[in-house]
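*Asks:* With the sequence up front, the predicted model follows.
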Amino acid sequence: MSYVNKSLSTCLNFLVLHLEYVKCKNLSNYKKKGKYYMIITYDNILFYEKDFYEVCFHIFFDDILQIYTCDVSNYIHITLKDQAVTNNIGIKGMNKNVLIKQLSIAYSTFYMFQLNKNVYVPLTNETYEERSFRTGHFEKPKIDTSIQPFIGYKKVVFDDYFFFIRKSFQNFISISCESNFYVDYRGIEISIKIDDQKNILEIEQSPDNNFFQLCRNHINFLTNDSKCPLIIRKNVYNKKMNLSDDLAKWSGYETIDSIVNFFLHLREKDYSNRYELNCLDLLKEDASNDIEIGKLLDSNKYYINDFFLFYLHQCGYVNKYYYYKDDNNYKKIISYILKYGKNFEIKKKICKNLLIFSNDYKNKYIPLVNSMICFLSFNYYEKNFCLFILSTLINITNNNDELKNRLIELNISTLCNFLILLNDIDITNKIILLYINLCKEQYMCEDFINKGLLIHFLDILFRYYYIDLYIKKQMCINILCIIGHIFNCKKYYIFILNYYNGLLQLAIYIYQTTDFIQFDKLKLIFFFKQISQHSYIIKDKICKHIVPLVIKEIYLYINKDFIYSSLHLINTLTDYKNNCLYLQKVKIFYLFNFIKQLKILDLYQKVEQLENKLKKILNMI
């Protein structure tokens, strides 16, 4: 200590009244500030680094506003005036009363020398409740969950570590908080000194061979699976066991958890705050069977390492350790990555997998729909991602009313309206295919028309119908199929035909110029059946311009589905009696006989029914 006093005297040029090793806490954010040598002089309070290399910060006595002590805390709080260069600080020494006494003496001495007045230190004693109310910081009392396995031993806490020694040992406090000294009646002495962590290579150069040998022995215990003294874990007693003779085993649990927590790296967008140390606990289900981490991400104030979370999920770690009661929670993790993640390679893998499994597991996608729509809206400029998501939505909405309703609730029409404005033909084609599934009910048609998609689709139809390119022709056919679904509602049927007079002629032109092998003409047959249901004039035009070509194609291609749809169309056309005469003229009964010879039960029954209807009408005429 003589060396310390000498070095201080050359640095300070003040008389040192008191020297003590203390812990400090920043009261502005209640975070630990560190451990320092506190030196009380006649003028101020200095806080030195442990090696006395430099002064970290200091407090002048005339900046002190108030000093607070608490009945249950060893920290004294020093609040400072506005002009002070340091934040309010909490100080914890070896003995709270000794520290207050030394501060009081130095404070009064300072004012005696400076002002020749007897000024006492502004000291206030407060209860824990008063301190909590003053600082606005309410700490939950720590519960000691460690076990004390040996009778006749006591627990000794020193510098955030604890040990068990016999009760006969008495503590002799040294002048420094860096070491503790215990003696019992037998003359046995125990000295405890905890220094900073050291690398094993640094220890090898140390002159203390005993210390180096101790470290080397512990490494041998780990590498050779040797038995070493029992280790007590300061944790809740659980199935992993706090009491173990395998050092690597018990420390491995905590090490792996801390590593995983670090790699998950859930943290606030305010980078002044550290990452969440209990991120793994946030992946557990809460009382409502929901995942707590989802609530944090939904607040839009947190980031997470989506790359690591994805592979943690894919490798089965989450499934093995959490056993979610609600199976949807496994999918929610994927939805969080898709919605809040930043790694596009991971999102690309997710989008591909969603598309691959969309046909087989369409009923499992409900927890993911919200994130898929969010992803689509935020990443519309990534064409490949948009195509993946739209293709997935097409697959999962096929014959799935629950998902269709969910998409309508999520305002999919407004998003699609925006995507069409990008003028990308591939994306527009996918949207048209999606709405073949999303226009089969009246409320869906209302959403489709009210959000302006009908105008966009008809505009595309009238722009592309005469262009002989496969994708554009296919888009026109699909749009006519969608309009056919809308015609189920009579008010929209009247509205469209009143404002788009050339729609029928356009559809007839498309049918006549479309190759049967390359394109699905079933959708066009469906459109003609729908558009003809409320107008005799339209029935007449379809009968004269479409039916002869349909009859020819039935003879040529013998497609069961096409024949069945065509018979439905002819059945609708026969509601107009003049069409029956025309059908007789084009020898429709020869076609009926041809279909009967195919010996397909469904077609045979339909032909019989249609033939009887037609003969009955002709007999009446």
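*Replies:* Cool, the structure landed.

*Asks:* could you measure residue 486 against residue 133, distance?
*Replies:* 66 Å (Cβ to Cβ, to the nearest Å). Quick note: C-beta positions are derived from backbone N, CA and C, even for glycine.

*Asks:* Neighbour count: these two, which is higher?
*Replies:* Between residue 486 and residue 133, counted using other Cβ atoms under 10 Å, the more crowded position is residue 486 (22 against 12).

*Asks:* isn't that one right up against residue 441?
*Replies:* No. Residue 486 lies out of contact with residue 441 (Cβ atoms under 8 Å); the separation is 10.8 Å.

*Asks:* what sits up against stretch 70-82?
*Replies:* Here stretch 70-82 makes contact (Cβ atoms under 8 Å, 6 or more residues apart in numbering) with 25, 27, 59, 63-69, 86-93, 96, 99-100, 125-128, 131, 135.

*Asks:* if I read this right, residue 293 contacts residue 281, doesn't it?
*Replies:* No. Shown here, residue 293 and residue 281 do not form a contact pair, counting by Cβ under 8 Å, at 9.2 Å.

*Asks:* neighbour-wise, which of the two wins?
*Replies:* Remark: of residue 293 and residue 281, residue 293 carries more neighbours, 23 against 12, as counted by other Cβ under 10 Å.

*Asks:* my guess is that one is in a strand, correct?
*Replies:* No. Secondary structure of residue 293 (DSSP: H, G, I helix; E, B strand; the rest coil): helix, not part of a strand.

*Asks:* Grab the nearest non-local neighbour of it.
*Replies:* Nearest non-adjacent residue to residue 293, counting by Cβ to Cβ, 6 or more residues apart in numbering: residue 282, 4.1 Å away.

*Asks:* which ones are touching that neighbour?
*Replies:* 266, 276, 291, 292, 293, 296.

*Asks:* can you list these in JSON lines and add distance to residue 38 and pLDDT?
*Replies:* Formatted as JSON lines, those follow (distance: Cβ to Cβ, whole Å; pLDDT from 0 to 100):
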{"residue": "266", "distance to residue 38": "37", "pLDDT": "87"}
{"residue": "276", "distance to residue 38": "33", "pLDDT": "83"}
{"residue": "291", "distance to residue 38": "46", "pLDDT": "85"}
{"residue": "292", "distance to residue 38": "41", "pLDDT": "82"}
{"residue": "293", "distance to residue 38": "42", "pLDDT": "85"}
{"residue": "296", "distance to residue 38": "39", "pLDDT": "85"}
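
*Asks:* Count the neighbours of residue 416 for me.
*Replies:* With other Cβ under 10 Å as criterion, residue 416 counts 26.

*Asks:* An error on my part: the question was meant for residue 530.
*Replies:* Count around residue 530 with other Cβ under 10 Å applied: 20.

*Asks:* host element of it?
*Replies:* Element membership of residue 530 [criterion: DSSP states H and E] is helix 522-531.

*Asks:* That helix - contacts with which helices or strands?
*Replies:* On a contact count with 3 or more Cβ pairs under 8 Å, 6 or more residues apart in numbering; DSSP states H and E, helix 522-531 meets helix 470-486, helix 503-512, helix 536-545, helix 560-573.

*Asks:* what comes up buried for the last one?
*Replies:* Looking back up the chat, that one is helix 560-573. By neighbour count with 16 or more other Cβ atoms under 10 Å, helix 560-573 contains the buried residues 562, 563, 564, 565, 566, 567, 569, 570, 572, 573.

*Asks:* same thing with the third one?
*Replies:* By neighbour count on 16+ other Cβ under 10 Å, the buried set for helix 536-545 is 538, 539, 540, 541, 542, 543, 545.

*Asks:* I'd like these as TSV, with pLDDT and distance to residue 387 appended.
*Replies:* Below are these laid out as TSV (pLDDT from 0 to 100; distance: Cβ to Cβ, whole Å):
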residue	pLDDT	distance to residue 387
538	94	37
539	94	40
540	93	43
541	94	38
542	95	36
543	94	41
545	94	37
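
*Asks:* need the contact list for the most centrally placed residue in the chain.
*Replies:* Centrality entry for the chain: nearest residue to the mean C-alpha point is residue 336, 2.9 Å, by Cα atoms, centre = their mean. Residue 336 makes contact with 293, 294, 297, 304, 306, 309, 371, according to Cβ under 8 Å, 6+ apart.

*Asks:* Inside strands: which ones of those?
*Replies:* Secondary structure of the contacts of residue 336 is defined by DSSP state E; no position falls in strands.

*Asks:* who wins for neighbours among those?
*Replies:* Counting neighbours by other Cβ under 10 Å, residue 309 comes out on top of the contacts of residue 336 with 27 neighbours.

*Asks:* distance of that residue from residue 344?
*Replies:* Applying Cβ to Cβ, the value for residue 309 to residue 344 is 15 Å.

*Asks:* Tell me who's in contact with the closest residue to residue 523 other than its chain neighbours.
*Replies:* In space, and not counting its chain neighbours, residue 523 is closest to residue 481: 3.9 Å by Cβ to Cβ, 6+ apart. Neighbouring residues of residue 481 by Cβ under 8 Å, 6+ apart: 436, 523, 524, 526, 527.

*Asks:* sorry, back to before: can you list the helices and strands packed on helix 522-531 in CSV and add distance to residue 405?
*Replies:* Output for these, formatted as CSV (distance: least, Cβ to Cβ, whole Å):
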stretch, distance to residue 405
helix 470-486, 16
helix 503-512, 29
helix 536-545, 33
helix 560-573, 28
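
*Asks:* how about the ones you listed, which one is nearest residue 586?
*Replies:* helix 536-545 (9.1 Å; Cβ to Cβ).

*Asks:* Run the chain-centre distance for the following helix or strand past the closest one.
*Replies:* For helix 536-545, the following helix or strand on the C-terminal side (DSSP H and E) is helix 547-557. How far helix 547-557 lies from its chain's middle: 56 Å, per Cα atoms, centre = their mean, to the nearest Å.

*Asks:* buried set for helix 547-557?
*Replies:* For helix 547-557, using 16+ other Cβ under 10 Å, the buried residues are 547, 550, 551, 553, 554.

*Asks:* now it and helix 536-545, what's the angle there?
*Replies:* Taking axes from the mean of the first three to the mean of the last three Cα atoms, to 10 degrees, one finds helix 547-557 and helix 536-545 inclined to each other by 40 degrees.

*Asks:* Helix 547-557 - what's its average pLDDT?
*Replies:* Averaging pLDDT along helix 547-557 gives 93.

*Asks:* hmm, who's touching it?
*Replies:* Contact with helix 547-557 is made by 511-512, 516-517, 521, 525, 562-563, 566, 569-570, 573, 582-583, 586, 588, 591, 594-595, as judged by Cβ under 8 Å, 6+ apart.

*Asks:* rerun that using 10 Å as the cut-off
*Replies:* The contact list for helix 547-557 (Cβ atoms under 10 Å, 6 or more residues apart in numbering) reads 508, 511-512, 516-517, 521, 524-525, 528, 542, 559, 562-563, 565-567, 569-570, 573, 579, 582-583, 586-588, 590-591, 594-595.

*Asks:* Would you mind extracting the C-alpha trace of it into CSV?
*Replies:* Written as CSV, here are the backbone C-alpha positions of helix 547-557 (Å, rounded to 0.1, in the frame of the first residue of the first chain):
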residue,chain,number,x,y,z
VAL,A,547,-72.0,-24.7,-81.2
PRO,A,548,-70.8,-25.8,-84.7
LEU,A,549,-67.2,-25.5,-83.6
VAL,A,550,-67.9,-27.2,-80.3
ILE,A,551,-69.5,-30.2,-82.1
LYS,A,552,-66.5,-30.5,-84.4
GLU,A,553,-64.1,-30.5,-81.4
ILE,A,554,-66.1,-33.2,-79.6
TYR,A,555,-65.7,-35.4,-82.6
LEU,A,556,-62.0,-34.7,-82.9
TYR,A,557,-60.7,-34.7,-79.3
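
*Asks:* Now do the SS call for residue 138.
*Replies:* Residue 138 is classified as coil under three-state DSSP.

*Asks:* burial count for it?
*Replies:* 10.
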